Structure formats: C-alpha cells, structure tokens
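Undergrad: Provide a 3D model corresponding to the input given below.
(2 chains)
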Amino acid sequence: MHEWALAEAVARTVEELVLSGRDVKHVEVVLGELQAVDEEVFRVALEELLSSLRAEKGVSVGGFTITREKALFKCNVCGHTWSLDEWGVAEEFREAIHFVPEAVHSYYSCPKCGSRDFEIVKGRGVQVRVR
Amino acid sequence: MELDFRAPLIRERLSSIKLVVPVASPKGGVGKTTIASALSVLLARSGVKTGVLDLDFTNPTTHIMLGVDTASAMPEEEKGVLPVRVEENLELMGLAFYTRDRPLPLRGHSVVDALREVLAITRWSSTVLVVDSPPGLSDALLEMLRLARGSRVLVVSACDKLSLVSTKRILEFLEHEGVAVLGVVANMCKDCRGLEEALGVKPLDCVPRFEQLREGDRDRLAELFSGTLAGVLGRVREALD
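TA: Just a heads-up that it's a prediction; the model follows:
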C-alpha cells in the first residue's frame, strides 16, 4: 500500500535524525488534501514502524500527531486561486493523483481561465515537521 | 524544522541498484529514447536485471518504444509501487502510467517534487537502472544526478555541428561537477570521425540511422542494436564487475 511507503519514509527520516544525535520530541505529519492519504491506514503503519524502530534499534520519539491541510491552487496565467472543492476530483483520476500529485496537471485546469499552468500552493502531499 | 521526508527512502530504494545510467543529450531529437530502450532490452536479454525510468515527465515516450500500453498497464501497489514488468528482467516506471498520455505541464519545482515522489515510492528489483532523460541540463537530470551519486552518464550525440557544440557543453559540465561519464554514443551518424575530432573523445559506438525501426517492436530493436551497442554493453559490464 502507498500509505505504507509514506509512513516508511517518515520513519526513516526520524531514524536518521535520532541516530545523528538529534533529540526528537515530537513529529507532526501534515497530510495534504490533494494526495488523499488514508489517515487511519497511515497511522497504523507509522505506529508499527516506529514501534519496530524502538524495539530493533532503540530509536524512539516522544510522540506524533497527524494534521490535515486543505489543498490550494493558483493559476500562473490569470492569478485565480481555488480549492479542491471547485474540481471535485473524479474517482477515475484519484489513484494517479494519490501516487503522484503532479498528475493533477494532466486532468484539471484553472476553473476561471482553463489553463493547466497552475501551481499547487498548499496541500500537495505529506510534510514532516519535527521539534 | 520541516524536512523532505522522501530523501532517506530514496537512498534506500536506490541502494540495491548497482549502476545508474542516465542517458542524456544536450538537445532533443538525437535518439535518447531509442538508445535507452535498446540498451535496456539488450541488457535484460543478456540476463541483467534492468529497470528503466522515463525521466522525461512532460513528454514521456519510452513506454511507446518498449511497446507498453499505459491504458492497460499500471504499477502495482505493494508497500509502495512495483514498476511495470515489460518482459523477463525488464521493468519500467514513468509518469505516463499516471497521466495516461495526457499533456503534463510542469514547472521546475514541480518536476523535482514529482521525481522525488516517484523515486520514493518505486520498489525496483533491478541491478542496473537506465534513465531516459529529457534534453539538456534539465531540472530532472540535475536532481537525478544529485540523488543518485555515482551515476555514470551515457551521452548521446548526433554528428551535425549543432549537436557537437551542445555535446561538448554537457561533457564540460559533467566533468566540472565530477560526474562520471560512461561514454558517448554517436547516433544516426554515417561517419563518426567528425565527432572524435570535435570532442576529442572516441565514441563507444557509432550507430547508423535505422529506417526499419518500429516503435513498440522490442525484438526488432534488439536485433538492430545487438551489433551496434557492443561498446556500451561492454562498458556497463565493466562497471558491474
């Protein structure tokens, strides 16, 4: 499952930080709306991976939280900004965007001027913040 | 502190690959996709587990050359994704599977994001990764070279003056950056002496223009190139030893 790969990436990042001597008290994982990550599957995978890290390598973190970020787009041609609601991503395209969010440029365009030259300003995919 | 969480996973995903060969050229139209496809088919058929990454995100065509239909093929999801199996020992990954051959206009930072995402999710089972690069010193090529340190670039050049001037530039850049060059292939050339004189480099192979080449016919591709890419194949095997 793709959620597993994302969780694995987060766990590897934490592992590298801790092994390099950084004290990681808290990990915040931000799930961007565009990539449509299944939060529950991701949470279970990350819990399992962090638990393995603790058991096998003695690497532990204080805790983690998952927050969500709404997607926001901006047209490079007319300057219009919009949210994902204005598109209502069709089921047939969801999987492609789930794996590679940039694929959205192949399926959708600016709701105002129709250009595909737009930017994903927020809510693209997964982000990790540590403190 | 915000981190790009994909970096450690990319390192791990690429660690099982012994050799990454970006196939690059300073300009379009010199036959990179043909050479990359032929090289990958020949390697696979000689028993080397070979992966192909189509790095030309905005204009992917490697799947067409390799005869893969993106309407029916899709990377399988398995704790990440598994590249599409083209034939025994040959697997392919690229954005064409996700865009279904629609246009994909991407600016620089989006190209880099897409590449990191693809490398982070793809679980290769190959020993050699052949990378079909977009023309020039693109964002995608530069990022690939950054992420896959130890790559050996195969430069494809035609023999006309414009190609030679451009090829010289890319060779100078690679040398300056300390990136290893596998060699230069002179493609669609009748006479390679001009290339050797202009660049001071003897091409690994001098490949003529094959009028009878048909996109999607891997058997024909292997047949036409088996005798003409011997130098490149030899160099790849040396690198694997």
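
Undergrad: Could you tell me the end-to-end distance of stretch A:32-40?
TA: Using Cα to Cα, to the nearest Å, the end-to-end distance of stretch A:32-40 comes to 14 Å.

Undergrad: For that stretch, buried residues please.
TA: Buried residues in stretch A:32-40, defined by neighbour count with 16 or more other Cβ atoms under 10 Å in any protein chain shown: A:32-37. In this view, the C-beta of every residue, glycine as well, is placed from N, C-alpha and C.

Undergrad: How about stretch B:112-131?
TA: Applying 16+ other Cβ under 10 Å to stretch B:112-131 flags B:112-124, B:126-131 as buried.

Undergrad: does chain A sit close to that stretch?
TA: Yes: interface with chain A: stretch B:112-131 contributes B:113-114, B:117-118, B:120-121 (Cβ under 8 Å from any Cβ of the partner chain).

Undergrad: Please list all residues in contact with B:V68.
TA: Going by Cβ atoms under 8 Å, 6 or more residues apart in numbering or on different chains, B:V68 touches B:84, B:86, B:92.

Undergrad: out of the residues you listed, which are inside strands?
TA: Judged by DSSP state E, strands contain the following of those: B:84, B:86, B:92.

Undergrad: So which of these is the closest to B:A230?
TA: Within the ones in strands among the contacts of B:V68, the smallest distance to B:A230 is 22.5 Å, found for B:V86 (Cβ to Cβ).

Undergrad: Can you tell me how far A:K57 is from A:R12?
TA: The spacing between A:K57 and A:R12, counted by Cβ to Cβ, to the nearest Å, is 11 Å.

Undergrad: whoops, B:L221 was the one
TA: 38 Å.

Undergrad: For the strand or helix carrying B:E12, list every residue counted as buried.
TA: Counting by DSSP states H and E, the element that carries B:E12 is helix B:6-15. Under the neighbour-count criterion of 16+ other Cβ under 10 Å, helix B:6-15 has B:6-11, B:13-14 buried.

Undergrad: Also near chain A: which of the residues you listed, exactly?
TA: Residues shared between the buried residues of helix B:6-15 and the neighbourhood of chain A are B:6-9 [Cβ under 8 Å from any Cβ].

Undergrad: near chain A, which residues of chain B show up?
TA: Within chain B, the positions near chain A by Cβ under 8 Å from any Cβ are B:1-3, B:5-9, B:12, B:57, B:75, B:77-81, B:95, B:97-100, B:102-107, B:110, B:113-114, B:117-118, B:120-121.

Undergrad: Go again with 7 Å.
TA: Residues of chain B found near chain A (Cβ under 7 Å from any Cβ of the partner chain) are B:1-3, B:5-6, B:8-9, B:12, B:77, B:79-81, B:95, B:98-99, B:102-106, B:110, B:113-114, B:117-118, B:120-121.

Undergrad: part of a helix, is A:V30?
TA: No: under DSSP: H, G, I helix; E, B strand; the rest coil, A:V30 sits outside any helix and is assigned strand.

Undergrad: Contacts only, for it.
TA: A:67, A:69, A:126-127, A:129 (Cβ atoms under 7 Å, 6 or more residues apart in numbering or on different chains).

Undergrad: Let's see the lengthiest helix in chain B as PDB, backbone CA atoms only.
TA: Determined from DSSP state H, the single longest helix within chain B is helix B:161-177. What follows is helix B:161-177, C-alpha atoms only, in PDB (Å, rounded to 0.1, in the frame of the first residue of the first chain):
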ATOM      1  CA  LYS B 161      27.700  20.800 -35.800                       C
ATOM      2  CA  LEU B 162      24.900  21.900 -33.600                       C
ATOM      3  CA  SER B 163      24.900  18.500 -31.700                       C
ATOM      4  CA  LEU B 164      28.600  18.500 -31.400                       C
ATOM      5  CA  VAL B 165      28.800  22.000 -29.900                       C
ATOM      6  CA  SER B 166      26.000  21.100 -27.500                       C
ATOM      7  CA  THR B 167      27.600  17.700 -26.600                       C
ATOM      8  CA  LYS B 168      30.800  19.500 -25.800                       C
ATOM      9  CA  ARG B 169      28.900  21.700 -23.300                       C
ATOM     10  CA  ILE B 170      27.300  18.800 -21.500                       C
ATOM     11  CA  LEU B 171      30.600  16.900 -21.300                       C
ATOM     12  CA  GLU B 172      32.300  20.000 -19.800                       C
ATOM     13  CA  PHE B 173      29.500  20.400 -17.300                       C
ATOM     14  CA  LEU B 174      29.700  16.700 -16.200                       C
ATOM     15  CA  GLU B 175      33.500  16.900 -15.800                       C
ATOM     16  CA  HIS B 176      33.200  20.100 -13.800                       C
ATOM     17  CA  GLU B 177      30.700  18.500 -11.500                       C
END
